[in-house]
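Asker: Fold the following, please.
(one chain, ligands or ions: 1)
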Amino acid sequence: MRKKLLLGNWKMNLLQAEAKVFAEASRALTQKAKAMNVMLGVAPTYLSLQTVKNANPELIVSSQDMHFEAKGAFTGEISAEMLADIGISWTLIGHSERRSYFGETNLSCNKKIKKALSLGFTVVYCVGETAKEYEENQTKQVILDQLTVGLQGVTEEEFQRIIIAYEPVWSIGTGLNASPEHAQDICSFIRKTLATLSSKSRAEAVQILYGGSVKPANVKAYLLQSDVDGALVGGASLTVESFEALLTQMA
Ligand code: 13P
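Answerer: Alright, predicted model coming up:
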């Protein structure tokens, strides 16, 4: 039985003091999530990772990205070793904003994923099609490529620490939700693809999240889909009130 997961992606939002206020207020939420058997986490900016972790050690605290090298002449970058050094063991990889604004490819994602997994991280690998790809009926081919290239070389043991977030690019921050049926169709396709990349039983255990304009009013419809195990939420994860409203809907 897969656990449900609610993960907030704060992107480039919240100053450290704001992150601390959120994390302190979220202590009651982590208790509530535990009682609901729901996993709860946020991905703050690098600068607030430690602040959030210290203020609520029960909350999953994920990085939004990392570099695949351990150290060296990579100005502006942060390595998995550096994240591990401050107690972080989760990271997003391949968010569509990383892909579109910072030139990330399936291959660079693969390097990051393998590096993170080798250090014991849990990786939330983000996949999804652009509006053009959606309109041209390319969604499944795009996702097949993202999964096949992104996950190449991942071992059977490491597969247990992979989570997939399906985020159609056209639905991120736009209010244009994918229908729950579309989310289910693609998440089911993702699970079938994972089975070919590992095994049916391993694929059955992978948590698959939907992301893209998820709000308290629509999150339940996604959770009712058999292959959707949770949500990766941007805008609606930025206040503790909205985050709590999302969690409440996950029962
Ligand atoms: P929104 O929930 O703001 O659409 O963002 C989704 C997202 O990109 C989460 O990673």
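Asker: Report the contact partners of Met66.
Answerer: Ile78, Ser79, Ala80, Leu83, Thr91, Ile93, Lys112, Lys115, Ala116 (Cβ atoms under 8 Å, 6 or more residues apart in numbering). Using the backbone N, CA and C atoms, a C-beta is placed for each residue, glycine as well.
Asker: near the ligand, which residues of the stretch 101-250 of the chain show up?
Answerer: Proximity of the stretch 101-250 of the chain to the ligand (Cβ under 6 Å from any ligand atom) is limited to residues Glu167, Ile172, Gly173, Gly211, Gly212, Ser213, Val214, Leu232, Val233, Gly234, Gly235, Ala236.
Asker: What is the nearest of these to the ligand?
Answerer: Looking at those and their distance to the ligand, the nearest is Gly234, at 2.4 Å (Cβ to the nearest ligand atom).
Asker: pLDDT score for that closest one?
Answerer: Gly234 is assigned 98 on the pLDDT scale.
Asker: Please name the nearest non-neighbouring residue to it.
Answerer: Nearest residue to Gly234 in three dimensions, chain neighbours excluded: Asn9, at 5.3 Å (Cβ to Cβ, 6 or more residues apart in numbering).
Asker: what do you get for Glu81?
Answerer: Distance criterion Cβ to Cβ, 6+ apart; nearest residue to Glu81, sequence neighbours excluded, is Ala70 at 5.0 Å.
Asker: quick one, strands of this protein?
Answerer: Counting by DSSP state E, one finds strands in the chain at the ranges 4-9, 38-43, 60-63, 90-93, 122-127, 162-166, 208-211, 230-233.
Asker: Let me have those strands in CSV, adding mean neighbour count as columns.
Answerer: Converted to CSV, the strands of the chain look like this (neighbours: other Cβ atoms under 10 Å):
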stretch, mean neighbour count
strand 4-9, 24
strand 38-43, 24
strand 60-63, 24
strand 90-93, 24
strand 122-127, 25
strand 162-166, 25
strand 208-211, 27
strand 230-233, 27
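Asker: Rebuild the ones you listed as TSV, extending it with distance to Lys192.
Answerer: Below are those laid out as TSV (distance: least, Cβ to Cβ, whole Å):
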stretch	distance to Lys192
strand 4-9	20
strand 38-43	24
strand 60-63	26
strand 90-93	21
strand 122-127	14
strand 162-166	12
strand 208-211	11
strand 230-233	19
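Asker: right, so of the ones you listed, which gets closest to Lys53?
Answerer: Counting by Cβ to Cβ, Lys53 lies closest to strand 60-63 out of those; the figure is 4.6 Å.
Asker: What about the residue nearest to Glu81, how many residues nearby?
Answerer: 11 (other Cβ atoms under 10 Å).
Asker: wait, it sits on Ser79?
Answerer: Yes: using Cβ atoms under 8 Å, Ala70 is in contact with Ser79, at 5.3 Å.
Asker: returning to that earlier point: just name the closest of the contacts of Met66 to the ligand, please.
Answerer: Ile93 (11.7 Å).
Asker: For that closest one, list each beta-bridge partner.
Answerer: Beta-bridge partners recorded for Ile93 (DSSP bridges): Tyr125.
Asker: about what we covered before: indicate which one of the strands of the chain is closest to Leu247.
Answerer: With Cβ to Cβ, the closest approach to Leu247 among those belongs to strand 4-9: 5.7 Å.
Asker: quick one: the closest one to strand 162-166, angle?
Answerer: 70 degrees (axes from the mean of the first three to the mean of the last three Cα atoms, to 10 degrees).
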